[in-house]
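Peer 1: Any chance you could fold what I've pasted below:
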Amino acid sequence: MSKYIYETEMEVRDYECDIEGIVNNANYLHYFEHTRHRFLISTGASFSEMHERGIDAVVARMNLQYKTPLRCDDWFISRLWLEKQGIRYIFHQDIFRKSDEKLCCRATVELVCLINGKLGNSEDYDKAFAKYIEL
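Peer 2: Now for the predicted structure:
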């Protein structure tokens, strides 16, 4: 059974590709970040509103594994599932090429929260993610 709790589709744009005709590795960071932001919106929370209140989720660690390259005009599906360990939110994210469901990139992204500039536990993020993780 799949653990994925959220997915979104995107298209590779020509300017994201390098001279080899494949997506430049740095663009996967943008794809993963965009997916996390869309997921947050789907929970009813707002990244910008939390920031205005002094609550900032920041990336503490990221591990990527590149598997199959994406190319210009490819459509892909970005999926994630989530767990919490201590004060860290750990996003497990995978990108699949839509045409054949080939795994293109896998990431583990660890986020922590700064509350008014200090590392801490965010009740707001816990509430937004409550139905997806055990607290």
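
Peer 1: elements contacting the helix or strand encompassing residue 94?
Peer 2: If you go by DSSP states H and E, residue 94 is part of strand 88-97. Here strand 88-97 touches helix 27-42, strand 75-85, strand 103-115, going by 3 or more C-beta pairs under 8 Å, 6 or more residues apart in numbering; DSSP states H and E. Using the backbone N, CA and C atoms, a C-beta is placed for each residue, glycine as well.

Peer 1: hmm, who's touching the longest one?
Peer 2: When contacts are defined by C-beta atoms under 8 Å, 6 or more residues apart in numbering, helix 27-42 is touched by residues 5-6, 8, 10, 16, 46-47, 62, 64, 66, 76, 78-80, 91, 93, 95, 105, 107, 109, 111, 128.

Peer 1: Can you turn the buried part of those into a PyMOL selection?
Peer 2: The buried subset of the contacts of helix 27-42, as determined by 16 or more other C-beta atoms under 10 Å, is captured in PyMOL by this line:
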select buried, resi 5+6+8+10+16+66+76+78+79+80+91+93+95+105+107+109+111+128
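
Peer 1: before we move on, the earlier item: tell me the buried residues in the strand holding residue 94?
Peer 2: Going by neighbour count (16+ other C-beta under 10 Å), the buried part of strand 88-97 is 89-97.
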